[in-house]
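**Student:** What follows is a predicted protein model with its sequence.
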Amino acid sequence: MTKTQFFDEQERTVSVVGVDFSGGQPKAGVDQGPFQMVQFGVLDQIKELGWKVNFDGTFPNFQKLVPTEDPDIGRMKKPRAVSSVTRALADKVRLAAQKGHFALTLGGDHSIAIGTVSGTAAVHKDLCVIWVDAHADINTVESTDSGNLHGCPVSFLMGLNKPDVPQFEWVQPCLTPDRIVYIGLRDVDPAEKKILKELGIKAFSMHEVDRYGIGKVVDMALEHVNPHNNRPIHLSFDVDALDPTVAPATGTPVRGGLTFREGHYICEAIAETGLLVAMDMVEVNPALGDDNGLLQTVTVGCSLVRCGLGETLL
Ligand SMILES: NC(=[NH2+])NCCC[C@H](N)C(=O)O
Ligand SMILES: [Mn+2]
Ligand SMILES: [Mn+2]
């Protein structure tokens, strides 16, 4: 089977964007995630894999776009901050994709996927998304209990918020229910379950991972979103998909998650398709947990990124 490459093979450049932003949820520290991963050496590690790295992120970078006053709108918390950060991020990711670069985004909380997926989808018209997470992040502005926008990015990307939220009018609905698939779910709100069911969105929860094993689950997930192996893939990886024993330093940990190997297998198998054009690594929060938990989480975040960029065991 011929694999289509969507980035410039000659160039083989990764554009890395670090998003020092935490406004999609209430816990401080997740804005330091990108800084920690860079300090841990992720950029050099990517170069060692044979990629050129394009990184212009001095920190803080996105934090300065956050308005000082940002009162709730309806249930939404920090809507202006999330909107302006994700809007700027969408531009950066779009420019990277236009240059034929692989777009790697280091978060930051998961609200930033509003920007990353918008950016890649603007360039890669046939995009599909693999969302690896304990959570579905598909609450609408009406259904969200917490009001935290990191629980809502997918609803914006799919255009589920009707009428349009003025702050997010810039977001073009770019995802259809058949072009997203979830892996790792285990903490899905009742309203989200309803949305998933009504829209027929495919999800492989931890139940399916237990039943079929991760190999089969990834095969089925790819078969679902990419039946002809020709669509570019955006992988949005929330580190809380991993079990908290593997990645403890994250804001909304949920027991019963992916093992170290299952997480890595997902990234390896998706990289193997040759169709991956963008990856997000989000919700690494260095402020949570002890030193060991922090190191463990940052380390695993970096190694998942390497696997997404083609690192293999042999
Ligand atoms: N990206 C995340 N960690 N999201 C957690 C979301 C939790 C919950 N469903 C909410 O909407 O608030
Ligand atoms: Mn999550
Ligand atoms: Mn998430």
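**Tutor:** Yep, it's here. Numbering: from 1, shown residues only. Ligands and ions are numbered 1, 2, ... in the order given.

**Student:** Please count neighbours and contacts with C-alpha atoms only from this point.
**Tutor:** OK.

**Student:** any chance you could map the helices in the stretch 151-300 of the chain?
**Tutor:** Using DSSP state H, counting those that start in this stretch, the helices of the stretch 151-300 of the chain run over 153-157, 190-199, 206-212, 214-225, 260-272, 291-308.

**Student:** Next one: the nearest residue to residue 20 once chain neighbours are set aside from residue 285, what distance?
**Tutor:** Setting aside the residues directly before and after it, residue 20 is nearest to residue 31 in space (C-alpha to C-alpha, 6 or more residues apart in numbering), at 3.9 Å. Look at residue 31 and residue 285: by C-alpha to C-alpha, to the nearest Å, they are 7 Å apart.

**Student:** for residue 141, same thing?
**Tutor:** 25 Å.

**Student:** Can you pick out the residue with more neighbours from these two?
**Tutor:** Using other C-alpha atoms under 10 Å, the more surrounded residue of residue 141 and residue 285 is residue 285, with 29 against 23.

**Student:** Return the residues in contact with the closest residue to that one other than its chain neighbours.
**Tutor:** The shortest distance from residue 285 to any non-neighbouring residue, by C-alpha to C-alpha, 6+ apart, is to residue 30 (4.0 Å). The contact partners of residue 30, by C-alpha atoms under 8 Å, 6 or more residues apart in numbering, come to 20-22, 107-109, 250-251, 283-287.

**Student:** repeat for residue 157
**Tutor:** Taking C-alpha under 8 Å, 6+ apart, we find residue 157 in contact with 114, 117, 118, 171, 172, 173, 174, 175.

**Student:** Just the pLDDT for it.
**Tutor:** You'll see residue 157 listed with a pLDDT of 98.

**Student:** One more: residue 4?
**Tutor:** For residue 4, the model assigns a pLDDT of 52.

**Student:** Smallest gap between the stretch 101-250 of the chain and ligand 1, at which residue?
**Tutor:** Nearest residue of the stretch 101-250 of the chain to ligand 1: residue 151, at 3.6 Å (C-alpha to the nearest ligand atom).

**Student:** Is ligand 1 within reach of the one helix or strand residue 94 maps to?
**Tutor:** Element membership for residue 94, per DSSP states H and E: helix 79-98. No - residues of helix 79-98 contacting ligand 1 under C-alpha under 6 Å from any ligand atom: none, with a closest distance of 13.2 Å.

**Student:** Quick one: name the residues of this protein near ligand 2.
**Tutor:** Within the chain, the positions lying close to ligand 2 (C-alpha under 5 Å from the ion) are 133, 134, 135.

**Student:** Who wins on neighbours among the residues you listed?
**Tutor:** residue 134 leads those on contacts (other C-alpha under 10 Å) with 28 neighbours.

**Student:** Start and end of stretch 17-24, how far apart?
**Tutor:** End-to-end distance (C-alpha to C-alpha), stretch 17-24: 18 Å.

**Student:** for stretch 38-45, same thing?
**Tutor:** End-to-end distance for stretch 38-45: 10 Å, by C-alpha to C-alpha.

**Student:** cool, stretch 53-73 as well?
**Tutor:** 39 Å.

**Student:** And that stretch, what's buried?
**Tutor:** Residues of stretch 53-73 classed as buried by neighbour count (16 or more other C-alpha atoms under 10 Å): 53, 54, 57, 62, 63, 65, 66.

**Student:** Identify the residues contacting that stretch?
**Tutor:** Taking C-alpha under 8 Å, 6+ apart as the rule, stretch 53-73 contacts 13-21, 35, 43, 46-47, 77-82, 84-85.

**Student:** related to what we said a few turns ago, and the residue nearest to residue 20, which of the three is it?
**Tutor:** Under the three-state scheme (DSSP: H, G, I helix; E, B strand; the rest coil), residue 31 adopts helix.

**Student:** so how far is residue 241 from it?
**Tutor:** Residue 31 is 19 Å from residue 241, where distance means C-alpha to C-alpha.

**Student:** ok, back up a step: what is the rounded mean pLDDT of the next helix or strand after the helix holding residue 94?
**Tutor:** Scanning forward in sequence from helix 79-98 by DSSP H and E, the next helix or strand is strand 102-106. When pLDDT is averaged along strand 102-106, the result is 97.

**Student:** Can you tell me the strand partners of strand 102-106 and which way each runs?
**Tutor:** strand 13-18 (parallel), strand 276-282 (parallel) (DSSP bridges).

**Student:** contacts for the first one?
**Tutor:** Taking contacts as C-alpha under 8 Å, 6+ apart, the residues outside strand 13-18 that touch it are 34-35, 51-57, 61, 92-93, 96, 100-108.
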